[in-house]
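Peer 1: Take a look and give me a structure for this.
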Amino acid sequence: MATFAGLRALAAKGPGWLPRSPWALLPAGFCSGGPGASGRRESESHLTSTRQQDGIRRIVLSNPKKRNALSLAMLKSLQNDILHEAESKDLKVIIISAEGPVFSSGHDLKELTEEQGRDYHTEIFQTCSKVMMLIRNHPVPIIAMVNGLATAAGCQLVASCDIAVASDKSSFATPGVNVGLFCSTPGVALGRAVPRKVALEMLFTGEPISAQEAMLHGLLTKVVPEEQLEEETMKIAKKIASVSRPVVSLGKATFYKQLSQDLRTAYSLTSKVMVDNLAMQEGQEGIKAFMQKRKPTWSH
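Peer 2: Numbering: from 1, shown residues only. Below is the predicted model:
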């Protein structure tokens, strides 16, 4: 958890909100852009909405009029929602979805004009990178539930999530090249999710790919009809929420860590983790429950 704790220390600037009572909706606030950003706040007060029940946190991008653009305010609102009580044993899984026909159109181009200046632009991309890294290093799995278009940083958000379920009407693109702004940061997540030549075709041409193509190339976990999207995503989330959080957290961190290692180092690392897992209360409880033909009782 050291990596996540470090990122949290860097990213946690300002309050995050979640309801105390299940399924109550509250607006997520957003922070000031800092010096030089005065007058650049979005007027909307409900950029994201959040609710939590039975270990499942639902974060919804709620600015459909602006195609759920990842403005600085939206990014900070999303960051707050992801960070809030991340270490709580009551949190088992997070689902990120969106209102409207566009999951997210990426960065708000109105924030990227020369009037805003280099410092403001730097803050936008640094904040976006922090959010994507928070997803990767978060102690619980994060699922993208996509119903519609996801472009540029919106596609990056999908690629950064651990699991991604999309409706068959969804599509994905990195079209920055068409407006003279190559999708370099989206390319980081995209290039780690799909084969290099697929990523480069998307980045060089800006042309969208269908949900079926995205699944074929590894960007998505599953594609379902629109009317089944909610049910299928919740089925995955509920299954994750039913198992031990400490075990899943350990497994997620180890999986990503071993990916960057050579084969011998990866096996050495994961063998040690397996032994550590066995030494955990949860590991022994699961094995005993299996042998005794009963359901395990997880500590959390």
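Peer 1: Quick one: the helices in the protein, in order.
Peer 2: 2-11, 72-83, 118-137, 153-160, 184-191, 196-205, 211-216, 229-241, 245-259, 263-279, 281-291 (DSSP state H).
Peer 1: could these go into TSV alongside mean pLDDT?
Peer 2: Shown next, in TSV, are the helices of the chain (pLDDT from 0 to 100):
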stretch	mean pLDDT
helix 2-11	55
helix 72-83	96
helix 118-137	97
helix 153-160	98
helix 184-191	98
helix 196-205	98
helix 211-216	98
helix 229-241	98
helix 245-259	96
helix 263-279	95
helix 281-291	86
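Peer 1: Among those helices, show me which one is buried the most.
Peer 2: helix 153-160 (a mean of 28; mean count of other CB atoms under 10 Å). Quick note: C-beta positions are derived from backbone N, CA and C, even for glycine.
Peer 1: ok now it, how far from the chain's centre?
Peer 2: From the chain centre to the centre of helix 153-160 is a distance of 8 Å (CA atoms, centre = their mean, to the nearest Å).
Peer 1: Straight-line length of stretch 59-70, end to end?
Peer 2: This stretch, stretch 59-70, spans 14 Å end to end (CA to CA, to the nearest Å).
Peer 1: One more: stretch 248-268?
Peer 2: OK, stretch 248-268 end separation, CA to CA: 20 Å.
Peer 1: before we move on, the earlier item: export the helices of the chain to a markdown table and append columns for distance to residue 60.
Peer 2: Below are the helices of the chain laid out as a markdown table (distance: least, CB to CB, whole Å):
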| stretch | distance to residue 60 |
| --- | --- |
| helix 2-11 | 20 |
| helix 72-83 | 9 |
| helix 118-137 | 15 |
| helix 153-160 | 13 |
| helix 184-191 | 21 |
| helix 196-205 | 26 |
| helix 211-216 | 20 |
| helix 229-241 | 12 |
| helix 245-259 | 23 |
| helix 263-279 | 34 |
| helix 281-291 | 31 |
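Peer 1: Relative to residue 107, which of those helices is closest?
Peer 2: Closest approach to residue 107 among the helices of the chain is made by helix 153-160 (5.1 Å; CB to CB).
Peer 1: And that closest one, what does it pack against?
Peer 2: Helices and strands touching helix 153-160, by 3 or more CB pairs under 8 Å, 6 or more residues apart in numbering; DSSP states H and E, are strand 102-104, helix 118-137, strand 142-146, strand 171-173, helix 184-191.
Peer 1: Can you say which of the helices of the chain is nearest to residue 171?
Peer 2: Per CB to CB, nearest to residue 171 of the helices of the chain: helix 211-216, 6.6 Å.
Peer 1: Now do the closest one: which elements does it pack against?
Peer 2: Using 3+ CB pairs under 8 Å, 6+ apart: helix 211-216 touches strand 163-167, strand 171-173, strand 222-224.
Peer 1: how far does stretch 155-166 sit from the chain's center?
Peer 2: Worked out by CA atoms, centre = their mean, stretch 155-166 lies 6 Å from the chain centre.
Peer 1: Kindly report the same for stretch 144-161.
Peer 2: Per CA atoms, centre = their mean, the centroid offset for stretch 144-161 relative to its chain is 9 Å.
Peer 1: Ends of that stretch, what's the gap?
Peer 2: End-to-end distance (CA to CA), stretch 144-161: 6 Å.
Peer 1: repeat for stretch 53-65
Peer 2: Note: stretch 53-65 ends 28 Å apart using CA to CA.
Peer 1: Residues in contact with it: which ones?
Peer 2: With CB atoms under 8 Å, 6 or more residues apart in numbering as the test, stretch 53-65 has contacts from 18, 22-23, 42, 44, 46-52, 68-69, 74, 78, 81-82, 90-104, 234, 237-238, 241, 245.
Peer 1: Which positions within that stretch qualify as buried?
Peer 2: Along stretch 53-65, these residues count as buried under the neighbour rule (16 or more other CB atoms under 10 Å): 55, 56, 57, 58, 59, 60, 61, 62, 63.
Peer 1: now it, how far from the centre of its chain.
Peer 2: The chain centroid and the centroid of stretch 53-65 are separated by 12 Å under CA atoms, centre = their mean.
Peer 1: With just CA atoms, put stretch 90-105 into PDB.
Peer 2: Taking only C-alpha atoms (Å, rounded to 0.1, in the frame of the first residue of the first chain), the coordinates of stretch 90-105 have been written out as PDB:
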ATOM      1  CA  ASP A  90     -16.500  -1.200   3.700                       C
ATOM      2  CA  LEU A  91     -15.200  -0.400   0.200                       C
ATOM      3  CA  LYS A  92     -14.800  -3.400  -2.000                       C
ATOM      4  CA  VAL A  93     -15.100  -2.200  -5.600                       C
ATOM      5  CA  ILE A  94     -15.600   1.000  -7.600                       C
ATOM      6  CA  ILE A  95     -17.600   1.500 -10.800                       C
ATOM      7  CA  ILE A  96     -17.100   4.600 -12.900                       C
ATOM      8  CA  SER A  97     -19.900   5.400 -15.400                       C
ATOM      9  CA  ALA A  98     -21.400   8.500 -17.000                       C
ATOM     10  CA  GLU A  99     -24.600  10.200 -17.800                       C
ATOM     11  CA  GLY A 100     -25.700  10.800 -21.400                       C
ATOM     12  CA  PRO A 101     -24.500   9.400 -24.800                       C
ATOM     13  CA  VAL A 102     -20.900  10.300 -24.300                       C
ATOM     14  CA  PHE A 103     -18.900   8.500 -21.600                       C
ATOM     15  CA  SER A 104     -16.200  11.300 -21.800                       C
ATOM     16  CA  SER A 105     -15.000  13.400 -24.700                       C
END
